[in-house]
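K.L.:
from the sequence below, what's the structure:
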Amino acid sequence: MNIFATAYPDAKPSDIIEWARGLKVNGGKTTFDPDFTPQIVEPIRAMTDADTRIGTFIKPVQVGGSTAGEVVAAYWAAFDSGLFQFNWQNDEVAVKRWHDRILPVLSSCCDIKRSEERFEETICVARYPNITLRVQGVFMESALDSDTVGRQINEEIHLWKPGFLSKARRRQTRVWNAKALDISNAGNVNDQLHQAYEEGTQEVWEINCPKCGGWHEMQFRFDPNKPELGGLRWDSSGCKMAEGNGRFNYNKLERTIRYEFPCGHSIKDFAAERRTLKGRYSAPKNEGAHISHRSWTFEGVSCDAIKWLTLIQEWHSAIRSMKVGDLEPMRRFRTERECKFWSEDSLPFKGEIVISPTIKKNREGLPDRIARLWKADWQQGYKHLGELEHFWLVIKDVLPNCNDQLIFEGRINSEAELIAVLKEHDAIESGAGVVDCSKNTKHLLQFCFQNGFHAIMSNQSHRGLFRHSDGNMRFYDEGRPIANSLNIPTRYEPRATPNGFIPDGREPLVINVNKGGMIANHFFIREMKSRVTQAAKDEGREALPSEYIECVIPSDVSDDFKEQYDSWERVGKDAKRKTDEVSSGAERFQQKRQRDHLLICCAGVDMLKDWAGILGDRLAELGVNKIEKKEKQ
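P.N.:
Below is the predicted model:
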C-alpha cells in the first residue's frame, strides 16, 4: 500500500465548469448553475488554463462573484498542491465566510482527498494531503508575510488597506505556475484594485443584439447626445408623484422600461426575453497587457438576475441623496451596480465660482428679498505686511425661496467704517447679521452688544454638533445673551414662557458654531444647482429653477473675493489629514489658501439662512429632508 497516494491529486477534469455542476454553493443552498450568471464562467475557466497567472474580476454586487471564488477554491483543493490563501479584508469577515460559504462547498466536493484526521478542518484552515487552505483577513500586515503561496483568491479588494495587494502578489513570485483570482466590486480611481484592472487585458462583457447582430457593451446610463452607445431607458414624466418630492409611481414607470441597443432595437424587462440574449467578453481593450494577466468587468444592467426596475429605484434614491449633498449612495451605485471606479473629481461641482456676467453689485439688491443678511470677520492684521486691524464683510439679499445675490463684499478698515457701510446698505435697520468674535473676543462682544449685533464663535468646534431644545443636533447652538458673557444686564427684559424665561427676540446673542458644519452647510447650498443640473442631465432632461437653490455672484466681484472663495475644498475619506482640517462629522474639508475670510463670511450668511428657518422652509418645498449627523462620540 502506498501511504503517500493521497498526497497526489487525481488528473484534472477537462472543463472546470462541467465538473462544478454538482457543487453545493451559496452556503450549500443551491447547486452551481453557470447559466445563472454566465459572466463568471470565463474568469473561472481562466484559473485552470495554461496561460493566465492573474485574473482581476470587477463585478457588480449580487451576481455570483463569490460563487466564482467558491468553485475555484473547491477545484484547487481537489486538484492542486501547496499553500492556498483565501484572503478577505479582515478576520471577522474571513471567519464568517468560512462557516457560511467556503466550508459547505468544500464539504460538497467529493474529489477532495481527505486524511480523515480529527483536525483536518479547523476554523479557517483545511489541511488536506495535497494542499493547505488558509482563509484569512489581511488587515494585519503579517497575514501576507508568510511562506511562498501557489494559489490565491483575493476578495473585496476595494476594502483592503493600500499596498496590501502588492504584498499578496509578492508571496507568489517564486512559483512558476502561480494562480491568483481577484474578485471585487469597483473601488476608487487609481487605487490598488483599479491599477490591477488597468494592468490586465480589460475585457468587457458584451451582448449580441437580436436585431442587427452586432455586439454591444450594455450600460445603465443612456446619453441622449450619444444614442449610438445605447442604454437603459424609461419614461418618468407621467409617473411623478403629486407631492413633488422626487418620487415616482413605479407601477406606472415599470411599464415603460426598455433597453435600447445602438441600432434602435429595444427589449423589455422580461426574464424570458433577457435570458435569450447571447453574451461574451470582448477582445482585450488593453492590447499591451501580458497574456498572463487577464481582467474582466460588466455592468449590473447586463445581468438578467437583476431586475432593471431595481436599478432604477436605486438610481433615483442616489439622485435624491446627491441633491442634498450626500454622495455615498451615488458612489455605491457607481461602484456596485455600474461597476465603475469612483472619483469625486469626475463630479461637475467642486465649489467652483460661477459668476453671473450680466449682474453687478448694487445697494438696491433684490426687490422681493425676504432678508438682507451679513457677516463680518475681524482680523488682527499682519505686521510684516503693514496691516492694521480690519474686517472682511459680506452682505447678501435672500429671496423667500432661499436664492441669494451678493450685494457687497470687501475689506473694512475700522469699526466705524463697518457701521457706516452697513447703514449705507440698509443692513442694520432692515437686515440681520453677525460678527465673528472667535478672536479679540471680549472687545468684539462689547462692540456687538453696544450696536445690537449678534456674535458667532467657532472656538467650540471640537464639541461636534449642538443639541437644541427640540432634540435635534445642529452645527450651531441656540445662542445665549452676550450680556451673560460680559456679566452685565441684558438690553431687554427676558420673556416669560411656560418653560421659563427666554431672551427677548431683540437681545444680541452669541452663537457657538461648529466650523466644519458651517462650511459643509455652505458647500451644500452653493453646489445645489450643479448637483441638480447633473442629476437632471443623467435623467435626460433640463433642470428647472424651481428644483434648486441658486447663489448669484455678480461679475464685478473683487479679486480678493475670487481668491478667497476658492480657499477651502471638500476631500474624500482617503485624503491625507492636515492640521487645519475641519469636519462636519460626515465630510472633511481642507484649507487651500491662508486667506479665506470672504468664504467664511459667505458661510456665516448661509448659517443665518438656516438659523432663520429660510433654508428649512425651502428644503421642505423641494421635498428634501436635510438631517444633521449625530454628534461625534
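K.L.:
residue 523 - that's part of a strand, no?
P.N.:
No - counting by DSSP: H, G, I helix; E, B strand; the rest coil, residue 523 is located in no strand; its state is helix.
K.L.:
tell me how many other residues surround it.
P.N.:
23 (other Cβ atoms under 10 Å). (Each C-beta comes from the backbone N, C-alpha and C, glycine too.)
K.L.:
now it: how far from residue 436?
P.N.:
Distance, residue 523 to residue 436, by Cβ to Cβ, to the nearest Å: 19 Å.
K.L.:
what of residue 203?
P.N.:
57 Å.
K.L.:
looking at these two, which one has more neighbours?
P.N.:
Neighbours per residue, other Cβ under 10 Å: of residue 203 and residue 436, the larger number sits with residue 436, 24 against 21.
K.L.:
I'd guessed the more buried one sits against residue 459; true?
P.N.:
No - Residue 436 is not in contact with residue 459 according to Cβ atoms under 8 Å; the separation is 10.6 Å.
K.L.:
so what's the gap between the helix or strand where residue 73 lies and the chain middle?
P.N.:
Using DSSP states H and E, residue 73 sits within helix 65-79. Centre-to-centre, helix 65-79 and its host chain are 32 Å apart (Cα atoms, centre = their mean, to the nearest Å).
K.L.:
what helices and strands are in contact with it?
P.N.:
Packing partners of helix 65-79 (3 or more Cβ pairs under 8 Å, 6 or more residues apart in numbering; DSSP states H and E): helix 16-20, strand 24-25, helix 41-46, strand 82-88, helix 103-107, strand 131-137, strand 151-155, strand 179-184.
K.L.:
run the angle between it and strand 151-155 for me.
P.N.:
With axes from the mean of the first three to the mean of the last three Cα atoms, to 10 degrees as the basis, helix 65-79 and strand 151-155 are set at 170 degrees to each other.
K.L.:
give me the residue ranges of the chain where confidence is low.
P.N.:
In the predicted model of the chain, residues 1-10, 139-146, 242-246, 323-325, 344-354, 384-385, 574, 625-633 satisfy pLDDT under 70.
K.L.:
okay, which residue is most central for it?
P.N.:
Nearest residue to the geometric centre of the chain (Cα atoms, centre = their mean): residue 328, 3.1 Å.
K.L.:
right, and that residue touches residue 321 too?
P.N.:
Yes - taking Cβ under 8 Å as the definition, residue 328 is a contact partner of residue 321 at 7.2 Å.
K.L.:
contacts for stretch 91-110, please.
P.N.:
Stretch 91-110 has contacts (Cβ atoms under 8 Å, 6 or more residues apart in numbering) with 22-28, 66, 70-71, 73-74, 77-78, 86-88, 112, 121, 123-124, 126, 133, 135-137, 139, 155-156.
K.L.:
just the buried members of those residues?
P.N.:
The neighbour count (16 or more other Cβ atoms under 10 Å) marks 23-27, 66, 70-71, 73-74, 77-78, 86-88, 112, 121, 124, 126, 133, 135-137, 139, 155-156 as buried among the contacts of stretch 91-110.
K.L.:
the closest residue to residue 40 other than its chain neighbours - how many residues pack around it?
P.N.:
Closest residue to residue 40 apart from its sequence neighbours, by Cβ to Cβ, 6 or more residues apart in numbering: residue 68 at 4.2 Å. As a burial measure, residue 68 scores 28 neighbours (other Cβ under 10 Å).
K.L.:
residue 68 against residue 57, yeah?
P.N.:
Yes - using Cβ under 8 Å, residue 68 makes contact with residue 57 at a distance of 6.8 Å.
K.L.:
common neighbours of these two, please.
P.N.:
40, 43, 181, 183.
K.L.:
could you measure from the second one over to residue 262?
P.N.:
Relative to residue 262, residue 43 is positioned 26 Å away (Cβ to Cβ).
K.L.:
check the last one too.
P.N.:
Spatial separation of residue 183 from residue 262 under the definition Cβ to Cβ is 30 Å.
K.L.:
so for these two, which sits in the more crowded spot?
P.N.:
The neighbour comparison of residue 183 against residue 262 (other Cβ under 10 Å) goes to residue 183, with 22 against 16.
K.L.:
buried residues of stretch 375-385, list them for me.
P.N.:
Buried residues in stretch 375-385 (16+ other Cβ under 10 Å): 375, 376, 377, 378, 379.
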